[in-house]
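Peer 1: Predicted model and sequence follow; I will ask about them next.
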Amino acid sequence: MSFVQNYPFFSIVLSLLCAVVSFVVPARWGKRLTYFLLCASLYMQAHLLVFCTAGHVSFSYMMGHYPAPWGNEIAAGIIEPLMALVFVIVILLSVSGGGKYIESDIAGGKQNLYWVMVDLAHVALMALCYTNDIFTGYVFIEICTIASCALLCIRESGRTLIASVRYMVFALIGSGLFLIGVIYTYAITGHLLFPQLYETIQALWAEGTYRFAMTAAIGLMTAGLAIKSGLFPFHFWMPDTYGRATPASSGILSGVVSKGYIFLLIKIIYRVIGAEIFAASGVQTVLLLFGIAGMVAGSVSAILSRRITTMVAFSSAAQIGYVFMGLGMGGQAALLAVFFQIFAHALTKPMLFLASRDLSEASGGHQEFRHLRGAAHRDPAAGIAFTAGALSMVGVPIFAGFIPKLYFAAASFNMGWRTWAVLLALAVSTVLNVLYFLYTAMVIWMPNAPEQREYRVHRDDRGIWAIVVFIVFNLAVGLGSAGITTLLTQGFDLFCK
């Protein structure tokens, strides 16, 4: 076994070690440890991705000396380190770009705890990427939930406490449903590891045995992860959760945490259940309908919002709808569009939250649109970042957000009634995105009103560099989609059964 194949294990153990040490050291050392962890993890995920791509290999190995259900197993191919790499990049840019707000929003005595929770969020996401055990997936879902709630409520204000409680309620409902589904699955199959689950479920379904119970288990696990990801109609926790947290937390929660749950669902669909059985169960069609509803409902809620962060938060519900619509379409072409949507949203939404907070600070702390007129002139870096993010979310060519819309449209042909439903949903959602994203972009670039007072803008080079890197990655995905498509296609050969 190559040394590189140990990187998934090292990423998880190093994260836990940094979290423990950060808990007992001063905040500045906790911050340094977290940056070290993220940089080391960035190297390991990139190196592992190159290793798996060059050899076109996937591998798995047992943790310790005990087989399942007492032991555990890690698996990786091309898709797993690619997703882990995207997660690490977004976390690193979010905490770097939102560094000044971490210092101002969080009391000095609690800042080391903030870095502990960033480390725990990282370890949970790495485990969700690499685990080959469905119960281990549940364990790290709970760790991710705890870390997410702490990242939200650590900013001291009454509103964030309310938001964290609301988020916790929805998260626990989702976790509970997922756990019940896992229990049903284990009761039916007697297995927890993905390969054994896949073989047993395929055999039972072919025999016609336990079909109703298996459909119920599939529905419960899917519903649990969909609720935790913010699928319509369970998206109403998003405005306060994303809109009230410090920008670094908003970037992590919206950019990668929800994607971690979605990626686990994708693994369950393709590596535990099987795409054909998932389609036959009827759950796939339900996801399609709720995904389309989320695309429209999220955009309508964003249009009706009066605060910029609330608008950006509701737009996340619409963008999550795209992902679930793609999972509801089925097929490798739609799955390709789903991954591009995950990449585009992960690389755009944190940038929008960072820019929104900067624009608000340039307007005296106001977030209402009537106060944001001319904000981009007062803080050009934030204005450029928001405009780039808005163009990406609308789907303007050369930006990352254009590619998934194109791929969803191409994948929808020859699908019967789904073709017209998907194409209509894409058209309506795009028009709605234009109405609120481009409207906001025009407002912030309007000349200052004569009666508007000037506000002093505190510039932070860390935030500017993070914004620049976000924009570069966004353009790289938009302009380099052919290479990423080739990489994903190779990964699907190893990932999909």
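Peer 2: Yep, it's here.
Peer 1: from here on, contacts and neighbour counts on C-alpha atoms
Peer 2: Fine.
Peer 1: So which elements touch the lengthiest helix in the chain?
Peer 2: Assignment by DSSP state H gives helix 158-189 as the longest helix of the chain. For helix 158-189, the elements it packs on are helix 134-153, helix 194-207, helix 211-229, helix 238-244, judged by 3 or more Cα pairs under 8 Å, 6 or more residues apart in numbering; DSSP states H and E.
Peer 1: Sort out which residues of the shortest one are buried, please.
Peer 2: Burial within helix 238-244, assessed by neighbour count using 16 or more other Cα atoms under 10 Å, is assigned to Met238, Pro239, Asp240, Thr241, Tyr242, Gly243, Arg244.
Peer 1: contacts for that helix?
Peer 2: 152, 159-160, 163-164, 167, 230, 249-250, 253-254, 309-314, 316-317 (Cα atoms under 8 Å, 6 or more residues apart in numbering).
Peer 1: Buried subset of the residues you listed, written for PyMOL?
Peer 2: A single PyMOL command selects the buried members of the contacts of helix 238-244 (16+ other Cα under 10 Å):
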select buried, resi 152+160+163+164+167+230+249+250+253+254+309+310+311+312+313+314+316+317
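Peer 1: Next, format the buried residues of helix 238-244 as JSON lines and append pLDDT.
Peer 2: Shown next, in JSON lines, are the buried residues of helix 238-244 (pLDDT from 0 to 100):
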{"residue": "Met238", "pLDDT": "75"}
{"residue": "Pro239", "pLDDT": "74"}
{"residue": "Asp240", "pLDDT": "72"}
{"residue": "Thr241", "pLDDT": "74"}
{"residue": "Tyr242", "pLDDT": "75"}
{"residue": "Gly243", "pLDDT": "71"}
{"residue": "Arg244", "pLDDT": "74"}
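Peer 1: After the strand or helix carrying Val90, which helix or strand is next?
Peer 2: Using DSSP states H and E, Val90 maps to helix 79-97. Downstream of helix 79-97, the next assigned helix or strand under DSSP H and E is helix 99-105.
Peer 1: okay, that next one in PDB with CA atoms only?
Peer 2: Below are the C-alpha coordinates for helix 99-105, written out as PDB (Å, rounded to 0.1, in the frame of the first residue of the first chain):
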ATOM      1  CA  GLY A  99     -10.800  37.000   9.600                       C
ATOM      2  CA  LYS A 100     -11.500  40.500  10.600                       C
ATOM      3  CA  TYR A 101     -15.100  39.700  11.400                       C
ATOM      4  CA  ILE A 102     -14.100  36.700  13.500                       C
ATOM      5  CA  GLU A 103     -12.000  39.100  15.600                       C
ATOM      6  CA  SER A 104     -14.800  41.700  15.900                       C
ATOM      7  CA  ASP A 105     -17.900  39.400  16.200                       C
END
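Peer 1: Any buried residues in that helix, and which?
Peer 2: Neighbour-count burial for helix 99-105 [16+ other Cα under 10 Å]: Gly99, Lys100, Tyr101, Ile102, Asp105.
Peer 1: Please apply the same query to stretch 368-375.
Peer 2: So, applying 16+ other Cα under 10 Å, buried residues of stretch 368-375: Glu368, His371, Leu372, Arg373, Gly374, Ala375.
Peer 1: Ok, stretch 52-60 next?
Peer 2: Cys52, Thr53, Ser58.
Peer 1: export that stretch as CSV, just CAs?
Peer 2: Extracted as CSV, the C-alpha positions of stretch 52-60 are listed here (Å, rounded to 0.1, in the frame of the first residue of the first chain):
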residue,chain,number,x,y,z
CYS,A,52,-5.7,8.4,-8.0
THR,A,53,-6.1,10.2,-11.3
ALA,A,54,-2.7,9.2,-12.7
GLY,A,55,-3.2,5.6,-11.9
HIS,A,56,-7.0,5.6,-12.4
VAL,A,57,-7.3,3.7,-9.1
SER,A,58,-9.7,3.5,-6.2
PHE,A,59,-8.9,1.7,-3.0
SER,A,60,-10.3,0.9,0.4
